[in-house]
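J.: Sequence plus predicted model, see below.
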Amino acid sequence: MRNKKWISAAAAVVLAVTALPFTVSAAESEEKELTKVTLNEVAHSIFYAPQYVAIEEGYFAEEGLDLTLVTGFGADKVLTALISGEADIGFMGAEASIYAYQEGATDPAVNFAQLTQRAGNFLVAREEMPDFKWEDLKGKKVLGGRKGGMPEMVFEYILKNNGIDPAADLEIDQSIDFGSTAAAFTGDASAAFTVEFEPSATALEKKGAGYVVASLGVDSGYVPYTSYSAKTSFLNENPQVIQSFTTALQKGMDYVQSHTPEEIAQVIAPQFPETDLDTLTIIVTRYYEQDTWKDNLVFEQDSFELLQDILESAGELSERVDYEQLVATEFAKSAVK
C-alpha cells in the first residue's frame, strides 16, 4: 500500500514538473499575443490619475494591449504624432481635433472617450486671499496659457462670465512656455497671479511662494477638458484595439470612483517618482473633491457643444462642427459594465 502511495506521489511530481515548462511557455505565448499600442499624452499630470491607475493595475495588459506611453508636451505635438502615425491614440483637449477638421483634415481625429470633466488648473496668488473674487484680477498681471489652448480659453471663459474683459481689464502674459510659469512667477514680482496645474500649484504653496485662491475647474463648471482620439482610418481598421483600450480605461475610472484619494495616490506613485506621497495625496484629493473625473468615458453631445461655445467665445472657431463628425460613443458605452 505504501509503495502505491509512493508511486502515486512520484507520478504527481513528474506530472507537475513536466507541466511546468508548458505553463510558462503558454504564458510567454500569451505575452507575445499582446497588441502593441502607442499612446501620446498631452502632459504627464496627476490630473489624469485614472489613466495611470489603468497602467499600474495592469488593466491594459488584461485587455490584450502592450501600451507604450509617450508624453507630447502640448496638444499640437500630440496631434502631429497622431497624424504622422507615430502614435495610434492621442490624449489631449478635443479642441485640437476641431482645429484640424476646420483646416480640412482628410483623415480627421475622432474623439472616442472623455476622461476629465473639469479644468485641472488653479489660480495662484502671491498672498492668501480667503475672500477672493474674480474682480480682484482687474488691473493686475496674470501669467496665463497659450492662446487657443484649453487652459487659457477656460480662464478667459470664467473671466467673461464674471463680467471681466480679458483684453482690457487685466494683463495676461501668454509668452511663457507650458510648465515654466511657476518658475517665472517666482522670479517675476510684477505678476500678481499665475494659472497653474499640479504639482506646480501645490509646490508654490509648500514653498510659501504662492497660494491657491480659486479652482478653474470649479468656477468653469463641467467642461470636456481632455479626451482620447484616433484617426478615422485607425478606428475603422482597428475597432477591437479601440474597444480594448477603452475598456481598460473604464476599469481605471471605476477604481478611482470606488477608492479613496490615499489609495489612488499609492497606486499612481510609480508614475511620479519626483513627487512625495504626501504631496501626491494632497493633489489627488484636490482633484477628487472637485469631481474631476467622469464615472464613464462617454463624450456627450452637450459637452461637445459647450466646448464649441468656449472656442467661439475665445474667437477660435470659424464654423461649428457636427457632433457626429468628430465624436464616437459606441466604444465608451460598450465599456460600461
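T.: Cool, got the structure. Values in this document were obtained by computation on a predicted structure and should not be read as measured data. Numbers count the residues shown, from 1 in each chain.
J.: Please make it C-alpha for all contacts and neighbour counts, starting now.
T.: OK.
J.: Okay, residue 113 and residue 232: tell me how far apart.
T.: Distance of residue 113 to residue 232, computed by CA to CA, to the nearest Å: 14 Å.
J.: These two: who's more crowded?
T.: residue 113 (28 against 18; other CA atoms under 10 Å).
J.: The helix or strand residue 55 falls within packs against which elements?
T.: In the assignment (DSSP states H and E), residue 55 maps to helix 49-56. Contacts defined by 3 or more CA pairs under 8 Å, 6 or more residues apart in numbering; DSSP states H and E place helix 49-56 against helix 239-258, helix 261-268.
J.: mean confidence for that helix?
T.: Mean pLDDT, computed over helix 49-56, is 98.
J.: contact partners of that helix?
T.: Applying CA atoms under 8 Å, 6 or more residues apart in numbering, the contact partners of helix 49-56 are 60, 115, 248-249, 251-253, 255-256, 264, 267-268, 270-271, 284, 293.
J.: what's downstream of that helix, the next helix or strand?
T.: helix 59-62.
J.: Quick one: distance of that next one to the chain centre.
T.: For helix 59-62, the distance from its own C-alpha centre to the chain's C-alpha centre is 18 Å (CA atoms, centre = their mean, to the nearest Å).
J.: Output it in CSV with nothing but the alpha carbons.
T.: C-alpha atoms of helix 59-62 as CSV (Å, rounded to 0.1, in the frame of the first residue of the first chain):
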residue,chain,number,x,y,z
TYR,A,59,-5.7,46.8,-17.0
PHE,A,60,-4.3,47.4,-20.5
ALA,A,61,-2.5,44.1,-20.4
GLU,A,62,-5.6,42.4,-19.2
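J.: Buried residues, whatever helix or strand comes next after that helix. List them.
T.: On the C-terminal side of helix 59-62, the nearest following helix or strand under DSSP H and E is strand 65-71. Applying a neighbour-count criterion of 16 or more other CA atoms under 10 Å, one finds 65, 66, 67, 70, 71 buried in strand 65-71.
J.: The first one and residue 122: what is the separation?
T.: Applying CA to CA, the value for residue 65 to residue 122 is 35 Å.
J.: Over to the second one?
T.: Taken as CA to CA, the spacing of residue 66 relative to residue 122 amounts to 34 Å.
J.: still on that earlier bit, need the winner for burial among the helices and strands packed on helix 49-56.
T.: helix 239-258 (a mean of 21; mean count of other CA atoms under 10 Å).
J.: got a list of contacts for that one?
T.: Applying CA under 8 Å, 6+ apart, the set of residues contacting helix 239-258 from outside is 35, 49-54, 59-60, 62-65, 113, 235, 264, 293-297, 331-332, 334-336.
J.: switch to 7 Å and redo it
T.: Helix 239-258 has contacts (CA atoms under 7 Å, 6 or more residues apart in numbering) with 50-51, 53-54, 59-60, 63, 235, 264, 295-297, 331-332, 335-336.
J.: Greatest separation within the residues you listed: which pair is it?
T.: By the measure CA to CA, 235 and 264 form the most distant pair in these, at 30.7 Å.
J.: Residue 140 - how many residues pack around it?
T.: Residue 140: 14 neighbours (other CA under 10 Å).
J.: Would you mind confirming that it is in contact with residue 170?
T.: Yes: counting by CA atoms under 7 Å, residue 140 does reach residue 170; the two are 5.3 Å apart.
J.: that older thread, can you lay out the helices and strands packed on helix 49-56 as JSON lines showing mean pLDDT?
T.: As requested, the helices and strands packed on helix 49-56 are exported to JSON lines (pLDDT from 0 to 100):
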{"stretch": "helix 239-258", "mean pLDDT": "98"}
{"stretch": "helix 261-268", "mean pLDDT": "98"}
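J.: JSON lines for those, including distance to residue 302?
T.: What follows is the helices and strands packed on helix 49-56, written out as JSON lines (distance: least, CA to CA, whole Å):
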{"stretch": "helix 239-258", "distance to residue 302": "21"}
{"stretch": "helix 261-268", "distance to residue 302": "29"}
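J.: what sits against residue 298?
T.: With the criterion set at CA under 7 Å, 6+ apart, residue 298 makes contact with 113, 114, 329, 332, 333.
J.: Now do the same for the residue lying closest to the second one once chain neighbours are set aside: helix, strand or coil?
T.: When the adjacent residues along the chain are set aside, residue 114 lies closest to residue 227, with 4.1 Å between them (CA to CA, 6 or more residues apart in numbering). Here residue 227 is strand, with the state taken from DSSP: H, G, I helix; E, B strand; the rest coil.
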